[in-house]
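K.L.:
sequence-free structure coming up:
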């Protein structure tokens, strides 16, 4: 037994559970209203499955947009798979929850960020899975939950 409670890992686990629940609801019922997601993930995570040309283009991380068109959303306990459109070319992806760095729903100014100690200065790369959506960035003054603000 440890001498301390590992709140950081507990929060990460809870936040990933929230993402899983939201994606399961979307898989069953579709996206409600104006909801849409920007999901940034680590493309180097050993369990990420993306096309070679995508991993070449985004060797560290990429941001996908789930909004107008996506297909085959399948949500498991470990991650989710989905087919997205990249310049009129449908591509299947598998994203484990452990690879997710940010999850943002700009329609309600909600966001989660998973802090990565090794690579704090890296700038995110955006995937152009829909040319109309790439220009759209999360707007507003929504709060992003950062676990580092709670750590000593």
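P.N.:
Received the coordinates, thanks. Since we're looking at a predicted model, the values are computed, not measured. Numbers count the residues shown, from 1 in each chain.
K.L.:
please make it C-alpha for all contacts and neighbour counts, starting now.
P.N.:
Noted.
K.L.:
contact partners for the residue nearest to residue 16 when sequence neighbours are not counted?
P.N.:
Leaving aside its sequence neighbours, residue 16 sits nearest to residue 97 (CA to CA, 6 or more residues apart in numbering; 6.2 Å). Going by CA atoms under 8 Å, 6 or more residues apart in numbering, residue 97 touches 16, 20, 78-80.
K.L.:
pick the one among these closest to residue 6.
P.N.:
Using CA to CA, residue 16 comes nearest to residue 6 of the contacts of residue 97, at 15.9 Å.
K.L.:
remind me what the helix or strand containing the closest one packs against, helices and strands.
P.N.:
Per DSSP states H and E, residue 16 falls inside helix 7-29. Contact here means 3 or more CA pairs under 8 Å, 6 or more residues apart in numbering; DSSP states H and E; on that basis helix 7-29 packs against strand 70-75.
K.L.:
quick one: strands adjacent to the next helix or strand after the strand it packs on?
P.N.:
Counting by DSSP H and E, the element after strand 70-75 in chain order, helix or strand, is strand 79-85. Counting by DSSP bridges, the strands paired with strand 79-85 are strand 70-75 (antiparallel), strand 90-96 (antiparallel).
K.L.:
strand partners (parallel or antiparallel) of the helix or strand residue 111 falls within?
P.N.:
Assessed by DSSP H and E, residue 111 sits inside strand 110-113. Applying DSSP bridges, strand 110-113 is found paired with strand 100-105 (antiparallel), strand 143-146 (parallel).
K.L.:
what separation do you get for residue 82 and residue 23?
P.N.:
Here the criterion is CA to CA, to the nearest Å. By it, residue 82 lies 11 Å from residue 23.
K.L.:
mind checking which of the two has more residues around it?
P.N.:
Counted by other CA atoms under 10 Å, residue 82 and residue 23 do not tie: residue 23 has more neighbours, with 21 against 18.
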